[in-house]
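Trainee: Could you look at this predicted model? Sequence included:
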Number of protein chains: 6
Amino acid sequence: MPVVVTEIDRVASNVLDAFQAFGVATVHEAQGRKGLLASYMRPIYRPAHIVGSAVTCEVTPGDNRMIHVAVEQCQRGDILVVSPTSPCEDGYFGDLLADSLKSRGVKGLVIEAGVRDVASLTEMKFPVWSKAIFAQGTVKHTLGNINCPLVCAGQLIQPGDLVIADDDGVVVVAREQAPEVLAKSVEREKKEGVVRARLKAGELGLDIYNMRDRLAADGLKYAKRAERE
Amino acid sequence: MPVVVTEIDRVASNVLDAFQAFGVATVHEAQGRKGLLASYMRPIYRPAHIVGSAVTCEVTPGDNRMIHVAVEQCQRGDILVVSPTSPCEDGYFGDLLADSLKSRGVKGLVIEAGVRDVASLTEMKFPVWSKAIFAQGTVKHTLGNINCPLVCAGQLIQPGDLVIADDDGVVVVAREQAPEVLAKSVEREKKEGVVRARLKAGELGLDIYNMRDRLAADGLKYAKRAERE
Amino acid sequence: MPVVVTEIDRVASNVLDAFQAFGVATVHEAQGRKGLLASYMRPIYRPAHIVGSAVTCEVTPGDNRMIHVAVEQCQRGDILVVSPTSPCEDGYFGDLLADSLKSRGVKGLVIEAGVRDVASLTEMKFPVWSKAIFAQGTVKHTLGNINCPLVCAGQLIQPGDLVIADDDGVVVVAREQAPEVLAKSVEREKKEGVVRARLKAGELGLDIYNMRDRLAADGLKYAKRAERE
Amino acid sequence: MPVVVTEIDRVASNVLDAFQAFGVATVHEAQGRKGLLASYMRPIYRPAHIVGSAVTCEVTPGDNRMIHVAVEQCQRGDILVVSPTSPCEDGYFGDLLADSLKSRGVKGLVIEAGVRDVASLTEMKFPVWSKAIFAQGTVKHTLGNINCPLVCAGQLIQPGDLVIADDDGVVVVAREQAPEVLAKSVEREKKEGVVRARLKAGELGLDIYNMRDRLAADGLKYAKRAERE
Amino acid sequence: MPVVVTEIDRVASNVLDAFQAFGVATVHEAQGRKGLLASYMRPIYRPAHIVGSAVTCEVTPGDNRMIHVAVEQCQRGDILVVSPTSPCEDGYFGDLLADSLKSRGVKGLVIEAGVRDVASLTEMKFPVWSKAIFAQGTVKHTLGNINCPLVCAGQLIQPGDLVIADDDGVVVVAREQAPEVLAKSVEREKKEGVVRARLKAGELGLDIYNMRDRLAADGLKYAKRAERE
Amino acid sequence: MPVVVTEIDRVASNVLDAFQAFGVATVHEAQGRKGLLASYMRPIYRPAHIVGSAVTCEVTPGDNRMIHVAVEQCQRGDILVVSPTSPCEDGYFGDLLADSLKSRGVKGLVIEAGVRDVASLTEMKFPVWSKAIFAQGTVKHTLGNINCPLVCAGQLIQPGDLVIADDDGVVVVAREQAPEVLAKSVEREKKEGVVRARLKAGELGLDIYNMRDRLAADGLKYAKRAERE
């Protein structure tokens, strides 16, 4: 039977705050190239960049009943993560639900489905990452689980996991690993800063990363002109 | 044989004007969740919001001859609706045709195909909802019907039907039902205003919509912690 | 074995400059409706409009090693064109590589794959046309050809070919044909200017293009009312 | 409110029988190249070829309640046509429903959604044309219209219309036009027989259809060798 | 760092054997409509029906190195489940790997990517469910995890989980729940047998499932003729 | 202006015959993993396996006029390769054209578009690899090039190139390279025969290919049980 889990462990708010300095690409790299949601998860407006703890919400096709249930489980700093039990692009979410989430301090929505009222959502600055923009209305008949593990856009998301979303997409970090990934993100960004300065100054990645010898060893040839292949 | 119907009944201009206050999602709901074109019909720029009477235009793949014929049938306040006889993403329409339509007072274009010159169209504020942006040129060889019933992006559109398009997509309302749907849209918006105020004040949809009893009756459980499933 | 061709003929810089006046749709038409890359090649921000000589770069799925090699082959006024040996949407390119290309005077990137750091790329005004926006990282293991003929998004691109990209997409012009296509683009734009003025003044394409007789000859009928079909 | 229309006019059974001699491509051509459902409507097994009168059934996403209602409205010689109010690939239909339809003499199913139990359906020779094969179960909560006009896979289908489905896909013929389209199909098939004999004997379409003069007039050139383009 | 887990708990062989009597649709329903992989996972030949314990294998795009590692971890009665870290349709698997798996008694392959040599695989009766058929070769450079939890085609799969695949697609059952789901499958099949007999005899689902009263209560109307809507 | 090239160099017939022993995957590997058409090019029936010299035919969307022109250029042992100037799934080709090609000894058709009459084509054993099966008819208005270089499904094909198509898809080999690729295919198949025997006997690829040391060097770990990640 469907269940609503009411107490979940969240990422510490100081960790959330610290992650706000890092984008999806950086965090994805820092945690070993995992946790990235599918590329069809796109922001409804740009730029947008949020960090929060996941409240997970399972819905059925064309039925947004459980989103109303999920709202009550959301706290300040959370991100609501919604996924249907089978693919659906209906407009599960619009500006009324956004008003409700916003009044609770929720950062934004990640939904593997459709969203509507995007002009209003843009105006009120409530960011959403979705699979589609579609006005199609939904019913309120079927139950689903809240705050249970969920696969959303190809990634397993546990309630309370760290979610980061920006113009590049959405990445999830396991809650327990958040501090470690934060440290690695800081480190990565620092290293990138050094590389960035050298690249801007005209140095080549080939030299900065010492790629030339290995390329030659692997057999890469340089030729002035292409021979007739 | 293909035919151009030259006299069609349109939605009264005061009704058109009144609909300008309502978005696609509202009207779609107000008329009983029907009439929505497929989610791949997207505006070439945002925000955009138009209301008009449909002039329908059937084209063949890669052939925009009939759009030139359709222009003459368009009047102030119309929206040109174009659909190919089989799927095609070619760029049937560009800024020259937009100049022509604009000089006639046409509100915009809805086309289940491709459009080009989108930088110019954006600059001149001629809104288009299309399936693709694609510069591919078309020929002018084949005939089609103008102002005959047309299926566009999954919806039947009769000439003269009311078309509303905004950032959420496109919806069609049968011409005869437009006044009734207008009344329902007014009513819906009014109700939503009341709900919106309560949601912004922090009340929950669960309470506003009285959802709790039925959820319990249907078997939804609340648990502090997830059991090992 | 993979090869890097180091000397390629480019389009003359005055020709490049002259093409900056023309968009993708115009050039595509002027050269006889060919050379257009697939419609899924979209700019990461709009408006954007670049003209340059192609440096071609072949990569393997999930592996951006050769992009680093390609950077060294790029000169002021070039456009880097990247295509994978099989379909892949990974984020081969981000703001560090953009810093590097920008320091060399490269105009932009055309990649039949994914790109990341799009917020930074937008801010720094480095335009990219890609198949996807995706933060997914890549490895650096496999070799590929640089400045060899490449099929990118359905079009054959030779190193040194002229590439034009704008909000409508991307078109390639064979290097040797660039001057001739330029002349035809100038001519086309001129003609369009005349037509545009007449259309804005309310004349119909039907009359400007003398379409009425042929439409009648082909059997197009006009009727006041639709008969029961 | 949703309605079930219980009395519809059907195609005469002798007309249905006569159409069994003709495939989808022939009928589509005979009626002027219209009425073809989208190419994603594929048979679950091949070969298969059915002809019948449409009983139309509207469903909501993930909800097959109305199919049970529709079964009762089906008679010997009918084809059940099902379309969801928004895109859904769930498995609305399986072998139990097929047993039920078969016991009533129904010819087969056309569904713009998913189907399951395809191994059983293949074994029992109940043909289905669907958008997907997917085992995903559905609920039974929502109402829809039966025997009302329906857009299915891009075509308007009226209850009682003639539906033909074979390995090429599905075509619909308006009920009133069925006799006329039948006559044209007979005629077309006869002509094709003559052409077929000549083609098999080695004559060229270029000659049979007298295409050479027009090709030359339009400017087609023949050259022994390709010039450097 | 990537890891190969060498000891996993599997489903008991008598349970596997017992599941062979049930198809994907039945098991999916019996366990509460969950566990179904995406509809694009299709068998390379039909009919096919296998049941086994999952050995999970993570690969990177265009790189099948870890499949060779995974083979060693496979035992009689297993099903190899492969998923790439980002979407890829390359041909990771062909008849040589099938020979190897077959010699170890492996039942088949489930891969969210491409497969090749399908003519041979069909002839040798080694069943595969894949996202694509594609001959594209892969490299052997990158590491991944074996027998760790994996998201494949939208479902979380733990090593040792029960996998069932047939003409309808693929479903996963958590190892611990396999006996319970088996019992429910038996029960469901039994009930379906009774219903099937009644349906074949011409009874209606409307009566068997007692749907009429609720339909009326929900407002469904029956009308002889459609009114002008 | 469009041109028909009437004299092209073809692959020697003994080379064609020799290639008949090799499938698409083998040849693709033997020539260095290139030349593979996109995975959406699928045979209309299986098994099928043909080898021939390419006659290339460019068509416009929804217009099959040039296929009739191309037929005359086809000889015994050829494969007709057709590609539209922009994406189109219309049914450009049916059984009449197949009768015509068959009478000339043509091996089959490769078309990046739709095909129809697939039941007849299957019965008469005329193999086709296409992007879609679709009955949609086409017109005969527009010119295109015959026997000029063509990009089809992502690969450049020169007239006279070797084309191989089987259940895995389609691969093209440059005409001049055909003998060399043949030799490499023979060699590859021989090596595979040895490996195959060892794999069937239960040896592991890990050992046959000596993969273990490098895996360890790259850091792959083996563990009896998964640690809590």
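Mentor: Looks like it came in fine.

Trainee: what's near enough to touch residue A:63?
Mentor: A:138, A:139, A:140, A:141, A:142, D:62 (Cβ atoms under 8 Å, 6 or more residues apart in numbering or on different chains). The C-beta positions use only the backbone N, C-alpha and C, and glycine is treated the same way.

Trainee: Run the chain-centre distance for the longest helix along chain A.
Mentor: Determined from DSSP state H, the single longest helix within chain A is helix A:178-200. With Cα atoms, centre = their mean, to the nearest Å as the basis, helix A:178-200 stands 20 Å off its chain's centre.

Trainee: try stretch A:99-117
Mentor: Distance of stretch A:99-117 from the chain centroid (Cα atoms, centre = their mean) equals 14 Å.

Trainee: For chain A, which segments count as strands?
Mentor: A:3-5, A:42-43, A:50-59, A:78-84, A:108-115, A:128-133, A:150-152, A:155-157, A:162-166, A:169-173, A:221-223 (DSSP state E).

Trainee: Rebuild those as TSV, extending it with distance to chain C, mean pLDDT and mean neighbour count.
Mentor: TSV is the format used below for these (distance: least, Cβ to the nearest Cβ, whole Å; pLDDT from 0 to 100; neighbours: other Cβ atoms under 10 Å in any protein chain shown):
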stretch	distance to chain C	mean pLDDT	mean neighbour count
strand A:3-5	29	98	20
strand A:42-43	7	98	20
strand A:50-59	13	98	27
strand A:78-84	17	98	27
strand A:108-115	14	98	26
strand A:128-133	12	98	24
strand A:150-152	16	98	23
strand A:155-157	12	98	22
strand A:162-166	6	98	29
strand A:169-173	5	98	28
strand A:221-223	5	96	13
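
Trainee: Now residue A:19: closest residue in space, sequence neighbours ignored.
Mentor: Spatial nearest neighbour of residue A:19, excluding adjacent residues (Cβ to Cβ, 6 or more residues apart in numbering or on different chains): residue A:51 at 4.5 Å.

Trainee: Please tell me how far the closest residue to residue A:119 other than its chain neighbours sits from residue B:129.
Mentor: Computed as Cβ to Cβ, 6+ apart, the closest residue to residue A:119 that is not its neighbour in sequence is residue B:167, at 4.2 Å. Applying Cβ to Cβ, to the nearest Å, the value for residue B:167 to residue B:129 is 10 Å.

Trainee: which residues are common contacts for these two?
Mentor: Common neighbours of residue B:167 and residue B:129 (Cβ under 8 Å, 6+ apart) are residue B:43.

Trainee: need the residues of chain A near chain B, please.
Mentor: A:1-7, A:65, A:68-69, A:71-72, A:89, A:91, A:94-97, A:99-100, A:102-104, A:114, A:116-119, A:122, A:132-137, A:140, A:143, A:147-148, A:159 (Cβ under 8 Å from any Cβ of the partner chain).

Trainee: List, one by one, the residues from chain A near chain E.
Mentor: That would be A:33-34, A:36, A:38-39, A:85-87, A:149, A:151, A:154-156, which are the residues of chain A within reach of chain E (Cβ under 8 Å from any Cβ).

Trainee: Point out the ones among the residues you listed that are inside helices.
Mentor: Filtering these for helices - DSSP H - leaves nothing at all.

Trainee: List just the nearest of the residues you listed to chain B.
Mentor: Distance to chain B across those (Cβ to the nearest Cβ) is lowest for residue A:149, with 8.3 Å.

Trainee: if I look at the residue lying closest to that closest one once chain neighbours are set aside, how far off is chain C?
Mentor: With sequence-adjacent residues excluded and distances taken as Cβ to Cβ, 6+ apart, residue A:149 is closest to residue A:158, at 5.2 Å. Using Cβ to the nearest Cβ, to the nearest Å, we find residue A:158 at a distance of 20 Å from chain C.

Trainee: Need the residues that contact stretch A:11-31.
Mentor: If you take Cβ under 8 Å, 6+ apart as the criterion, stretch A:11-31 is touched by A:34-36, A:49, A:51-53, A:77, A:160-162, A:164-166, A:168-171, A:173, A:175, A:177-179, A:181-182, A:184-185, A:187-189, A:192, C:91, C:94, C:116-117, C:119, C:135-137.
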